[in-house]
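**Student:** below is the structure, and that's it, no one-letter string:
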């Protein structure tokens, strides 16, 4: 009997599912912890954005919208992954805000 991750990974067309699923789990966990703490926010957002790129363009085959005229045989379930991808790309570009540990440890001016 094959492991659940292998069967699930093959169902979503993920290459080498035994390794890639565990890599995705680690990236999402570490990215979530860094985002939650507000420490190394851009790195954490890049980790999560990487998994969302794979989810959007490999697992969901790049089908983002559920438009029956275009995607007749698909469900368009890639919408959520694509929205998360856009959100975390914004965090990568804009960086952390004033209420993060990044701001207090690295960006704060001496006069603040």
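**Tutor:** Everything's here; your move. What you see is a predicted model, and the numbers here were worked out from it, not measured in a lab.
**Student:** which of the residues in the longest helix along the chain are buried?
**Tutor:** When the chain is parsed with DSSP state H, its longest helix is helix 17-37. Buried residues in helix 17-37, counted by 16 or more other CB atoms under 10 Å: 17, 20, 21, 24, 27, 28, 31, 34, 35. For the C-beta atoms, the positions are set from N, CA and C on the backbone; glycine is no exception.
**Student:** again with stretch 54-61
**Tutor:** 54, 55, 56, 57, 59, 60.
**Student:** what stretches of this protein score poorly on pLDDT?
**Tutor:** In the predicted model, the chain carries pLDDT under 70 at residues 1-9, 62, 65-76, 108-112.
**Student:** helices of that one, residue ranges please.
**Tutor:** Going by DSSP H, the chain shows helices at 4-11, 17-37, 41-54, 79-94, 101-102.
**Student:** so which of those is nearest residue 64?
**Tutor:** helix 79-94 (4.7 Å; CB to CB).
**Student:** who's in contact with that closest one?
**Tutor:** 31, 35, 41-42, 45-46, 48-49, 52-53, 55-56, 59-60, 64-66 (CB atoms under 8 Å, 6 or more residues apart in numbering).
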